[in-house]
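Engineer: structure, please.
(2 chains)
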Protein chains: 2
Amino acid sequence: MNTPRIVIVGAGFGGLQVAQSLANSGADIYLIDRHNYHTFVPLLYQVATSQLEPEYIAYPIRTILRRFSGKRYQHKPKTRFVWGEVQRIDFAAQIVQTDDCAIAYDFLVIATGSKTQYLGVTGAAEYAFPMRTLAEAVKLRNQILSCLQLASQESDPDIRQQLLTFTIVGGGATGVEMAGAVIEMLRGKLRQDYPTLDLKQVRLIVIHSGDRLLGEFSQKLGIYTYRKLTKLGVEIYLQSRVNQVTKTSVHLHNNEIIPSATVIWTAGLEANFPPTSADISTAKKGKLLVHPTLQLLEHPNVYAIGDLAYVEQNNTPLSGVAPEALQQGVTVAGNIQQQLRGKSPQPFSYFNKGRLAIIGCYSGVGKIGNFEFTGFLAWLMWLAVHLVYLPGYRSRLLVLLTWLYTYLLNDRAVRLILPISDIENHERSSN
Amino acid sequence: MNTPRIVIVGAGFGGLQVAQSLANSGADIYLIDRHNYHTFVPLLYQVATSQLEPEYIAYPIRTILRRFSGKRYQHKPKTRFVWGEVQRIDFAAQIVQTDDCAIAYDFLVIATGSKTQYLGVTGAAEYAFPMRTLAEAVKLRNQILSCLQLASQESDPDIRQQLLTFTIVGGGATGVEMAGAVIEMLRGKLRQDYPTLDLKQVRLIVIHSGDRLLGEFSQKLGIYTYRKLTKLGVEIYLQSRVNQVTKTSVHLHNNEIIPSATVIWTAGLEANFPPTSADISTAKKGKLLVHPTLQLLEHPNVYAIGDLAYVEQNNTPLSGVAPEALQQGVTVAGNIQQQLRGKSPQPFSYFNKGRLAIIGCYSGVGKIGNFEFTGFLAWLMWLAVHLVYLPGYRSRLLVLLTWLYTYLLNDRAVRLILPISDIENHERSSN
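Structural biologist: Model prediction:
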């Protein structure tokens, strides 16, 4: 048999893990991504709130691959990075078509993650701010800073109030951390930059369809989070749904209209996969149905991992966090090697080390095994865990320095309003 | 007399200096800029070549103004920042009109600098990459990295060569430092990121209309620079002019056509000033004619400084470097205070502390008084001087750390291809 070729689509947590775990396998590996960098998604909200610089949480994929050719790996570098958007996957011919090349595969791992779902709400796609990519986080930062700037120059009190009202749709982990981070931002020294502006006028609203925040945690932690945010001045609408988003307002199901220039969308996600030659079986939110081994039902040489795959454990679907994707990456790398040796792939089993969520202003919530905890300890653990998982020593050092700067001096350093293009892949299509 | 109101348009080196020198004057000061940050222009080329992060050389204007309210200043903060593009200056009514407000002035300082001039070359405005703003520097970084990426995936040798040919138009200080920085970038560890690419194929071309590089320095230093760059592998065309720029090539006057996907334009600048109610006298390159006191010929309460003003010293026009603008800022602040006291403004006199230019790869050139020097000393002095003048301790520390990282490890950390919008003020016009 010739050297087998393994193609991995997507360089998120899952895809990169597969590439790393296979680096020593001797196989030819192609890693495809539409960006030339890996985005450390858990820290995006800190980019959006002027805390971290975008470059700190984005890591050039080629530099990550460079490490695989170090001493720890006996084979010559056989992992290649392909920069491109996948146009089509042909399962029959075993070919992945990108915008400028076609790559044949023996094994394929699809790890393209999820994208924002606007749940059919009118105007949400046009006017709400999602926060799933680096460009989106920078655009949101621009928006928040622009609103403060414009409000400080605005004489009409109604327009000023509208510019100073920030609405977050969704009360899961992302919505909660975003709310806390905006509060932290506005409470710090930033207010000295706007001496003519009364930042007490800022309204921060969280709209959540469920009956408690952080649905993935216990009721106790949800109530703690609710109390904490309310005490910080956040207005929380539970069991509320958004009907419509406009450039200047958000409309609720009960016909209430909130004038708000900034609507941050953290409410829905759906699987994001490239067009394929044949239909593949999907579960809810468009996730791909897979065998317990993570193979697609129809194609034993194709795997799906991360946000893209519908995986249950103890009859509960996995929740789409990074550790799940990382562990799935290890399993898939092992399973492909099993198949290459003519053996059977093994079922995936998720080892849950615990779960943390950050609220901000020195508090968070966490659950490890049956032990639940809240407050400063959870906050510190969240930061520590994310610092450790961040790729690259340089980024870790810079993020640590920035956090020390931010939390000791209560200041924000990054406040540029730098135009980011609307079209994510603008620079590629223009080439 | 009521509190006088001084309006400053432009927060570059000159405009900021005027604001700082007047902070203690008791006057009401309005500082207007189209960006919410001050750009440290001399280090833009390091952003374009993946060395510095954009945030390190851009400083929020409001944070700079915040410092003016410190203990050193006895008055309450009276300097206000207005974020906006000036639409029109009405000298008769003494009003500056921005996109969303009209500001009356008693004294006006115009410090809007210069913009790129394409000298009538066909296609240059569309296809060449200027490097005068932060967004332009990031766009150029995207372009350089995209070309390397695409070349590594390209099978056609002609297209690959075109992607790997970088042409710099203009052999002044900006063209020379850009050439050196691209060489530094490609010689470093970056090549490990492109194992399939032969970086020896890279062609770097400098096209200069004059008969020597660095026309503002002596012939000796120009020849040194020429030899140094040639030794580093740069192809230098002296006494050559560009006729046309296309998406894939640059055409010279002698009908030579160089296939080149990236044309960096450092050749021309012209004064950049907002529309005015009445004509004002201009010299060459559209610069404003001013009295020796820096007052406009027609309007004694309006000053022009920096790149915008045509100022001679010993019958030679000033060359448009930062120290000139800074010193002019101090003079103008003093002159306005003289006028407020009913006294006569004083003529400006430039004290030239010397001049440095960086070539890169540990060499530069410099002239202090009659003493000329080249090599490592000039290189180190250039970096040290620019580090000292950078605003903010945080930026200084981060830039220093980055330089140590870059020069000790011979690596580049920032390599994201992050889409930047084509329209500079996109985010404002959409509000």
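Engineer: would you mind measuring from the closest residue to A:Lys247 other than its chain neighbours to A:Ile417?
Structural biologist: On the basis of CB to CB, 6 or more residues apart in numbering or on different chains, the spatially nearest residue to A:Lys247 that is not a chain neighbour turns out to be A:Tyr127, at 5.3 Å. C-betas here are computed from N, CA, C, even on glycine. With distances taken as CB to CB, to the nearest Å, A:Tyr127 is found 19 Å from A:Ile417.
Engineer: cool, A:Glu154 as well?
Structural biologist: Relative to A:Ile417, A:Glu154 is positioned 16 Å away (CB to CB).
Engineer: got it, and A:Trp379?
Structural biologist: In this structure, A:Trp379 lies at 29 Å from A:Ile417, with CB to CB as the measure.
Engineer: show me which residues of the stretch 51-200 of chain A sit near chain B.
Structural biologist: Counting by CB under 8 Å from any CB of the partner chain, the residues of the stretch 51-200 of chain A close to chain B are A:53-55, A:58, A:60, A:62-63, A:65-66, A:77, A:80, A:82-84, A:100-101, A:134-135, A:138, A:142-143, A:145-146, A:149-150, A:153, A:192-196.
Engineer: list phi and psi for the residue in the stretch 1-150 of chain A positioned nearest to chain B.
Structural biologist: With CB to the nearest CB as the measure, the residue in the stretch 1-150 of chain A that lies nearest chain B is A:Arg62; the distance is 3.6 Å. Backbone torsions of A:Arg62, given as degrees, to the nearest 10, read phi -60, psi -30.
Engineer: surely it touches A:His38?
Structural biologist: No: under the criterion of CB atoms under 8 Å, A:Arg62 makes no contact with A:His38, lying 10.4 Å away.
Engineer: what's the neighbour count on the residue of the stretch 201-350 of chain A found nearest chain B?
Structural biologist: Nearest to chain B in the stretch 201-350 of chain A, going by CB to the nearest CB, is A:Ala261, at a distance of 8.2 Å. Taking other CB atoms under 10 Å in any protein chain shown as the neighbour definition, A:Ala261 ends up with a count of 23.
Engineer: do a quick rundown of the helices in the stretch 151-300 of chain A.
Structural biologist: Taking DSSP state H, counting those that start in this stretch to define them, one finds helices in the stretch 151-300 of chain A at A:157-163, A:173-187, A:219-231.
Engineer: now, of those helices, which is deepest in the fold?
Structural biologist: Each of the helices of the stretch 151-300 of chain A was scored by mean neighbour count; the highest is helix A:173-187, a mean of 24, by mean count of other CB atoms under 10 Å in any protein chain shown.
Engineer: off-centre distance for it?
Structural biologist: Relative to the centre of its chain, helix A:173-187 is centred 16 Å away, using CA atoms, centre = their mean, to the nearest Å.
Engineer: do stretch A:184-204 as well
Structural biologist: 27 Å.
Engineer: what's next to that stretch, contact-wise?
Structural biologist: Judged by CB atoms under 8 Å, 6 or more residues apart in numbering or on different chains, the contacts made with stretch A:184-204 from elsewhere in the structure are A:49-51, A:144, A:148, A:151-152, A:160-161, A:164-166, A:168, A:179, A:182-183, A:233-235, A:260, A:360-361, A:406, A:409-412, A:415, B:60, B:62-63, B:65-66, B:77, B:80.
Engineer: over to stretch A:218-232?
Structural biologist: For stretch A:218-232, with CB under 8 Å, 6+ apart as the criterion, the contacting residues are A:176, A:179-180, A:183, A:206, A:212-215, A:217, A:236, A:238, A:357, A:359, A:361, A:363, A:365, A:367, A:372, A:374.
Engineer: show me the strands in the stretch 151-300 of chain A, by range?
Structural biologist: Counting by DSSP state E, counting those that start in this stretch, the stretch 151-300 of chain A has these strands, from start to end: A:165-169, A:203-207, A:235-237, A:242-245, A:249-252, A:257-259, A:262-265, A:269-271, A:288-289.
Engineer: confidence-wise, which of those is weakest overall?
Structural biologist: Lowest mean pLDDT of these: strand A:269-271, a mean of 91.
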